[in-house]
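Student: Kindly return the folded structure for what I paste below:
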Amino acid sequence: MKKIVSVCFILIFAANVYAASGGAAFLKKGVGARALGMGGAFTSVAGDANAVYWNPAGLGQIYDNYSVTFMAASGASDEWTGLSDVIPTHNFVALSVPAGKITEALGKSVFAFGYMSSYLDKIIGSSDEGIQTGTLEDTQSAFYLSWGMPVWEEDTNLYVGASLKYLSENLSGTGGDSASGYDIDAGIIYNIFETLNFGLFIGKGASIKWAESESDQSALTSKFGVSNMFNLSEKFKLLGAADLVQVQREPLGANLGLELSYMDIAGSDDGLGLKGLHLRGGVNSLALENRYGVREDINKNIAYSAGFGIDIAILGKFLQLDYAMIMGNILDSQNKISLSFYF
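Tutor: I've put the predicted structure just below:
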């Protein structure tokens, strides 16, 4: 792409400086306020429609119900002089469909459809010579087709899944451009002792082709996650999760998260009930090694997160409301709200 956008745009729009390289950098921003409130340590936890992003194998755990989830997020740029009008938005919606409710031939397979979009306007554009050319609007989108299923569910449980993504980006305005491409993910989740989960996720990396024949290729990404649910008492539970993240040509990183839950508070499943309250915290993009000599720079931009969730039973259905705030040196505060419904 021959247009150069301002450094401020990159700082606001990318998840962190080092990880912003390659195609479709917006995919690194994550989805789901619960997962983001836990610092993105979700590879072994994913068990709702947000699994299309974090680990499609998690879809295999929700074959009993249809589910739909929405997320809306916005950031602010007030800390950057002259950019108070540049407000990035990031939205996501996904629907999971248990195939067994349609035909027994597909067993416990679950299919899901997702859509992610990121938008930013009033971007200052410039030519290769550094001459300002006007402003641009940037719209990036990803369409997900995902599948997951249990391989077995006995004393231990194994789930597998895969996602196919169609990607598009459009820079409209002075000297705009457009691009499209694809990406493929696969994952597994293995559960033992009912409380201990291991997860593995592999993402090929987005391949993006620009209309002007230039192309971008994101790096191969692999994640290994482990999580465990600790039963502190009859109603209090603590979920701890950690992911090791290896992006090709980047140092090994980690995401860490906790979720403290108070369950089955009041009411009933068949009527109206308050089923859970959750407090969350996490750390995202912690560099564990100094390969390529960039650990210090990466760790200056670690994102910290905090959030909460409320689970409500409504006439045998289940509603989940989650909120997360992301804080860090590169991105100032981002507020993320998710609503999920199981029916």
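Student: Tell me what I326 is bridged to.
Tutor: S305, Q334 (DSSP bridges).
Student: Might one say that it is in contact with Q334?
Tutor: Yes - using C-beta atoms under 8 Å, I326 is in contact with Q334, at 4.3 Å. C-beta here means a position set from N, CA and C on the backbone, and glycine is covered the same way.
Student: Quick one: end-to-end length of stretch 51-68, please.
Tutor: Chord length of stretch 51-68, first to last residue, is 12 Å (C-alpha to C-alpha, to the nearest Å).
Student: quick one: it to chain centroid distance?
Tutor: How far stretch 51-68 lies from its chain's middle: 14 Å, per C-alpha atoms, centre = their mean, to the nearest Å.
Student: per-residue confidence averaged over it?
Tutor: Across stretch 51-68, the average pLDDT comes to 95.
Student: now the stretch 51-200 of the chain, which segments are flagged as low pLDDT?
Tutor: 74-87, 122-135, 173-176 (pLDDT under 70).
Student: That one: helices as residue ranges?
Tutor: Remark: helices assigned in the stretch 51-200 of the chain by DSSP state H, counting those that start in this stretch are 51-54.
Student: which parts of stretch 263-272 are buried?
Tutor: The neighbour-count check on stretch 263-272 (16 or more other C-beta atoms under 10 Å) flags M263 as buried.
Student: Next: stretch 244-255.
Tutor: Those would be 244-247, 250-251, 253-255, for stretch 244-255 by 16+ other C-beta under 10 Å.
Student: Just put those residues in CSV and tack on pLDDT.
Tutor: CSV is the format used below for the buried residues of stretch 244-255 (pLDDT from 0 to 100):
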residue, pLDDT
L244, 97
V245, 96
Q246, 95
V247, 92
E250, 88
P251, 92
G253, 94
A254, 96
N255, 97
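Student: Serialize the residues you listed to JSON lines and add fields for distance to F143 and secondary structure.
Tutor: Formatted as JSON lines, the buried residues of stretch 244-255 follow (distance: C-beta to C-beta, whole Å; DSSP: H, G, I helix; E, B strand; the rest coil):
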{"residue": "L244", "distance to F143": "29", "secondary structure": "strand"}
{"residue": "V245", "distance to F143": "24", "secondary structure": "strand"}
{"residue": "Q246", "distance to F143": "26", "secondary structure": "strand"}
{"residue": "V247", "distance to F143": "23", "secondary structure": "strand"}
{"residue": "E250", "distance to F143": "26", "secondary structure": "coil"}
{"residue": "P251", "distance to F143": "31", "secondary structure": "coil"}
{"residue": "G253", "distance to F143": "27", "secondary structure": "strand"}
{"residue": "A254", "distance to F143": "30", "secondary structure": "strand"}
{"residue": "N255", "distance to F143": "25", "secondary structure": "strand"}
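Student: Would you convert those residues into a markdown table that also reports distance to A306?
Tutor: Supplementary listing: those in a markdown table, determined by distance: C-beta to C-beta, whole Å:
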| residue | distance to A306 |
| --- | --- |
| L244 | 23 |
| V245 | 21 |
| Q246 | 26 |
| V247 | 25 |
| E250 | 26 |
| P251 | 26 |
| G253 | 20 |
| A254 | 18 |
| N255 | 15 |
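Student: quick revisit: neighbour count for I326 and Q334, which is higher?
Tutor: I326 (27 against 20; other C-beta atoms under 10 Å).
Student: V93 against S67, yeah?
Tutor: No - taking contacts as C-beta under 8 Å, V93 lies outside contact range of S67: 11.6 Å.
Student: ok, the two, which is more surrounded?
Tutor: The neighbour comparison of V93 against S67 (other C-beta under 10 Å) goes to S67, with 23 against 17.
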